[in-house]
Structures are given as structure tokens and as C-alpha cells.
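>>> fold the following for me, if possible:
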Amino acid sequence: MSKAMFAAAAASGTGALGVGGYYSYQAIKGEPTLLSKLESSLQNHQKILSVGDAEWSSWSEVYKASVQNKIPEVTHSDLPKWCEATLKSHDKSKLDLASAWCVINTRSLAEEIKATSSASLLSLEGDNTTAWEGAWDFYNQNKNTGGLEISDATFKAGDTDKAKGGPALKKWCSDLLSKKMYEPLEVRAKERAEKWCSSHASGNT
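Prediction:
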């Protein structure tokens, strides 16, 4: 699962009360909490999750499906409470796990590609039928290379010729690119979008 994944756009608290009601207090000896450490490096497209945030319904499913970097003895349903307790603590040994699972990337997949990739995505607006038909031609000629063939059943039902395949590909790209990075994404979703939804695929540069 690409960790093109994790973060988003909420400003962090700067006073005694931090993001989502967590206290970013420091111990008498001056040791910062994990929350304050994460706040100090938080980027504009990142959000530190609080218990009760709506994003947990999707993000906990990403955690559940993950086979890497899991927290010992913490299930997907335990994750919000684990983050709440851990972010209040000073346990530096848990900082990497807190950064991985208590912070999300709130960009859409389209925004993530625009921010991190040289791929130029085809426009999903307006009448650009020719461009999407060209992208479908490219897909049809190259789908069996690189392990990036689209398996979506709805797309495959319309993937019969250029006239139907162009609109079907545009719809598939639109649905995929609108997904948030903290939502469950198919394996290699970013690679597929960059390859099949770009101006490179349409023959335009």
C-alpha cells in the first residue's frame, strides 16, 4: 500500500489546548508530548486525528487492511483510542507509529499526483472526447504490460471499443482520482492513475 498515503489540511492548535482537544502540555522537565512533536512538523495537507473525527471510518479500514507497520495488539477499532492516549504521552519509542497511524493525508489522489508527480492528468471537465478516446487506445494497447490492467467490473463492461472505452475510462479515472488518500485505495492506485489518466496516455504532451 503506497504511503503515498497520509495527511491533511487542519491547522494545529498553538496554545495549551491542541488539535482535537488533546493537551500539548509539556512535563515539568520540559519533555514535549508526541502530539506537540507531530504538530511542530505538520504540513498543510496533514491532519492529526482526534477521537470522533469522521475520517476514522475510512482510515481504520486502511489500518485493518495493512500488513506492514501495524501496532502490536491494536485492532482497527482500538486505533482512535490508542492515538488519543499515545499523543498525550512522552514515549518517543511510539513516535513513528503515531506519525504513521494518527496523522492522515487529506489530499485527493488527484491532488497528491499534482503535488508529487510529473504526470499531467487529463481534464475531467468539458468536452474532450478525443483525448479520452486516445487515452483508451493507449490503455488497450498497453494494458497487459506492467501489471496495471484495470480490474474494475464497471469499466470492463464498457471497455469494448474506442467510442465506449473513452467515456468508460474517463469515468473510472474520475472516480479514482476523487478518492482521498486516507480512504481505502486499490493496490497501485497512484501508478494506475498516472499511467492511464494522463496526457501521456492520450498522446498529448
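
>>> which residue packs closest to the residue nearest to the spatial centre of the chain, ignoring adjacent ones?
In the chain, the centroid-proximal residue (C-alpha atoms, centre = their mean) is M181; its distance is 1.3 Å. Spatial nearest neighbour of M181, chain neighbours left out: N105 (4.0 Å); criterion: C-beta to C-beta, 6 or more residues apart in numbering. (C-beta placed from N, C-alpha, C; glycine too.)

>>> and the one you found, how close does it get to E73?
Distance, N105 to E73, by C-beta to C-beta, to the nearest Å: 26 Å.

>>> quick one, which of those two is more surrounded?
Between N105 and E73, counted using other C-beta atoms under 10 Å, N105 has the larger neighbour count: 22 against 7.

>>> which residues does that one form beta bridges with?
With DSSP bridges as the criterion, N105 is bridged to Q46.

>>> avg pLDDT for the helix or strand harbouring K114?
Here K114 sits within helix 109-116, counting by DSSP states H and E. Helix 109-116 shows a mean pLDDT of 98.

>>> how far off centre is it?
With C-alpha atoms, centre = their mean, to the nearest Å as the basis, helix 109-116 stands 9 Å off its chain's centre.

>>> list the buried residues of the helix ranked longest in the chain.
Scanning the chain for the longest helix, with DSSP state H as the assignment, gives helix 162-177. Residues of helix 162-177 classed as buried by neighbour count (16 or more other C-beta atoms under 10 Å): G165, G166, A168, L169, K170, K171, W172, C173, L176, L177.

>>> what angle sits between that helix and helix 109-116?
Here the directions of helix 162-177 and helix 109-116 differ by 80 degrees (axes from the mean of the first three to the mean of the last three C-alpha atoms, to 10 degrees).

>>> and helix 162-177, what does it pack onto?
Contacts defined by 3 or more C-beta pairs under 8 Å, 6 or more residues apart in numbering; DSSP states H and E place helix 162-177 against helix 109-116, helix 129-142, helix 153-158, helix 189-196.

>>> any chance of those helices in a markdown table, with distance to K37 and mean neighbour count too?
Putting the helices and strands packed on helix 162-177 into a markdown table (distance: least, C-beta to C-beta, whole Å; neighbours: other C-beta atoms under 10 Å) gives the following:
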| stretch | distance to K37 | mean neighbour count |
| --- | --- | --- |
| helix 109-116 | 24 | 17 |
| helix 129-142 | 44 | 18 |
| helix 153-158 | 43 | 13 |
| helix 189-196 | 28 | 21 |
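
>>> right, and these - which one's nearest G52?
Proximity to G52, assessed across the helices and strands packed on helix 162-177 by C-beta to C-beta, is greatest for helix 109-116 (25.1 Å).

>>> angle of the closest one against helix 189-196?
Angle of helix 109-116 versus helix 189-196, following the same axes, to 10 degrees, is 80 degrees.

>>> helix or strand with the lowest mean pLDDT in this protein?
Here the helix or strand of the chain ranked lowest by mean pLDDT, DSSP states H and E is helix 199-202, holding a mean of 71.

>>> doesn't D161 make contact with D137?
No. Using C-beta atoms under 8 Å as the test, D137 is too far from D161 to be in contact (10.1 Å).
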